[in-house]
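1. Whatever this is, show me its structure:
(one chain, ligands or ions: 1)
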Amino acid sequence: MYNSRIIGLGKYLPDRIVTNADLSTMMDTNDAWIQERTGIQERRWVKEDSSDTTASMGVEAAKIAIERSGINKDDIDFIIFATLSPDMYFPGPGVQVQHALGIKTVGALDVRNQCSGFVYALSVADNFIKTGMYKNILVIGSELHSKGLDRTTRGRGVSVIFGDGAGAAVLTREENNSKGILSTHLHSEGEHAKELVLLAPGMGTRWVNDILKDNDPNDESYFPYMNGQFVFKNAVVRFSEVIMEGLVKNGLEVSDIDMLIPHQANLRIAQFIQKKFKLKDQQVFNNIQKYGNTTAASIPIALTEAWEEGKIKTGDLLVLAAFGSGFTWGSVVIRW
Ligand code: ACO
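-> As a prediction, this is how the structure comes out:
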């Protein structure tokens with residue numbers, strides 16, 4: 001059995017910054033409410049006339065990750081794309097990346113696990129590499145939320161939280177079993193699917209505005225619904241459990257963590273976990289203040305930014321952890 005190791009990281013954020021003050025011109029909200037509850041100061045939304053899509057943002061992040069990995073795109077054996085906001089209902093964005101990057105006809109898999117999507121995708125990639133099936137895998141998380149959000153006061157409890165963006169990682173085979181991804185841990189509890197959900201049947205976010213033109217304006221099923229307090233309570237429990245599961249599996253302790261990169265759901269959730277595990281500020285990476293919650297893209301964006309800022313060094317113990325709609329949750333333990 002091999003290990004897998006991340007050798008290249010990239011991110012793409014649209015240029016347009018949407019501040020809390022900007023949101024207050026669209027709906028009845030304010031900077032104090034948003035910051036107090038979520039920690040978010042601003043997020044990126046694609047420009048109205050932009051050609052950015054979930055797939056194209058993923059492609060931009062992937063180009064950087066591939067360049068930094070030092071491998072040739074033709075050496076990529078497999079593509080995994082995690083998103084809850086595909087450009088089309090089908091086919092998913094994985095094949096769009098294969099085409100846009102001109103990668104030979106390798107397999108392309110789409111992962112639909114919302115906020116846990118990147119963790120699920122990394123787990124799949126890791127296991128394909130561990131068994132020797134593939135050597136180099138491109139893993140992407142990308143979301144274009146802004147075109148699918150209810151920008152009226154009706155949607156304010158959800159819409160202020162989410163942002164657009166993409167992150168990508170290139171994984172390769174590692175022969176040293178004490179390096180790279182040490183273990184991954186995945187869970188779900190479909191009983192709570194209804195607590196964080198988009199109910200409308202069979203659609204991609206690209207269709208929302210068109211559908212609504214001919215639709216009952218009071219039909220909220222086309223916008224995400226979230227039972228915020230229920231999600232919060234479950235998130236803090238599941239984040240804690242799955243972080244511990246990863247540490248115990250590897251005979252490690254909380255004090256061994258050099259960097260925890262939680263899915264950027266909500267700064268209050270990350271702070272709760274930090275306090276519970278008595279982690280220092282430098283042991284937890286957060287950038288939700290700048291980007292909002294980018295769902296499947298949040299961990300690869302945060303991981304890339306932490307690496308770009310020199311906060312991840314060879315030999316560090318990293319823990320990635322996510323929780324989200326499904327409910328689904330998971331963790332990844334990495335020796336960098
Ligand atoms: N601006 C101003 N007021 C608002 C807004 C807003 N954007 N949204 C809701 N309100 C109002 C509500 O209407 C309500 O008013 P009322 O008391 O007059 O009825 C009041 O604020 C309180 O609303 P709650 O929904 O009870 O607010 P709460 O304190 O629970 O905060 C929040 C909401 C931030 C979503 C919180 O529940 C939370 O942090 N939940 C965790 C879920 C989460 O972070 N999800 C992230 C996405 S999912 C994921 O990544 C896992």
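2. where does Arg238 land in three-state SS?
-> Using DSSP: H, G, I helix; E, B strand; the rest coil, the secondary structure recorded for Arg238 is helix.
3. What is the burial count for it?
-> Neighbours of Arg238 under the rule other CB atoms under 10 Å: 22. Glycine gets a C-beta too; all of them are placed from N, C-alpha and C.
4. Ok, the one 3 residues further on next?
-> Other residues near Glu241 come to 16 when the count uses other CB under 10 Å.
5. What sits closest to the closest residue to the ligand within the stretch 151-300 of the chain if chain neighbours are left out?
-> The ligand sits closest to Gly228 of the stretch 151-300 of the chain, with a gap of 2.6 Å, by CB to the nearest ligand atom. Using CB to CB, 6 or more residues apart in numbering and skipping residues adjacent in sequence, the residue nearest Gly228 is Gly157, 6.1 Å away.
6. Could you do Ile129 as well?
-> Nearest one to Ile129, counting by CB to CB, 6+ apart, is Ser4 at 3.8 Å.
7. From the ligand, how far off is that neighbour?
-> 26 Å (CB to the nearest ligand atom, to the nearest Å).
8. Which of the three states applies to Ile95?
-> For the record, residue 95 is Val, not Ile. helix.
9. Quick one: residues contacting the residue nearest to Ile129.
-> 125-126, 129-130, 137, 171-174, 180-181 (CB atoms under 8 Å, 6 or more residues apart in numbering).
10. per-residue pLDDT, it?
-> On pLDDT, Ser4 comes in at 98.
11. is it true that it lies in a helix?
-> No: Ser4 is assigned strand when assessed by three-state DSSP, not a helix.
12. Tell me what it is bridged to.
-> Arg173 (DSSP bridges).
13. gap between it and Pro262?
-> Distance of Ser4 to Pro262, given as CB to CB, to the nearest Å: 21 Å.
14. just to revisit the earlier point, distance check, the residue of the stretch 151-300 of the chain closest to the ligand against Ile161.
-> Taken as CB to CB, the span from Gly228 to Ile161 is 9 Å.
15. Between those two, which is the more surrounded one?
-> Each of Gly228 and Ile161 has its neighbours counted (other CB under 10 Å); Ile161 has more, 24 against 15.
16. from memory that one sits against Asn266, does it?
-> Yes: judged on CB atoms under 8 Å, Ile161 makes contact with Asn266 at a distance of 7.0 Å.
17. Mind listing the shared neighbours of these two?
-> Joint contacts of Ile161 and Asn266 (CB under 8 Å, 6+ apart) are 38, 293.
18. Next, Glu48: secondary structure please.
-> Following three-state DSSP, we place Glu48 in the coil state.
19. Over to Tyr134: give its phi and psi.
-> Dihedral angles phi and psi of Tyr134 (degrees, to the nearest 10) take the values phi -130, psi 160.
20. got a list of what it touches?
-> By CB under 8 Å, 6+ apart, the contact list for Tyr134 reads 77-78, 128.
21. which is the next helix or strand following the lowest-mean-pLDDT helix or strand in the chain?
-> For the chain, the helix or strand with the lowest mean confidence is helix 208-213, at a mean of 69 (criterion: mean pLDDT, DSSP states H and E). Moving toward the C-terminus from helix 208-213, the next helix or strand (DSSP states H and E) is strand 225-226.
22. for this structure, what spans make up the strands?
-> With DSSP state E applied, the chain shows strands at 3-12, 17-19, 42-44, 78-82, 107-111, 136-143, 165-174, 180-188, 196-197, 225-226, 259-262, 317-324, 328-335, listed in chain order.
23. okay, the ones you listed in TSV with distance to Lys249 next?
-> Listed next are the strands of the chain as TSV, based on distance: least, CB to CB, whole Å:
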stretch	distance to Lys249
strand 3-12	14
strand 17-19	40
strand 42-44	34
strand 78-82	22
strand 107-111	22
strand 136-143	21
strand 165-174	18
strand 180-188	5
strand 196-197	27
strand 225-226	31
strand 259-262	16
strand 317-324	11
strand 328-335	7
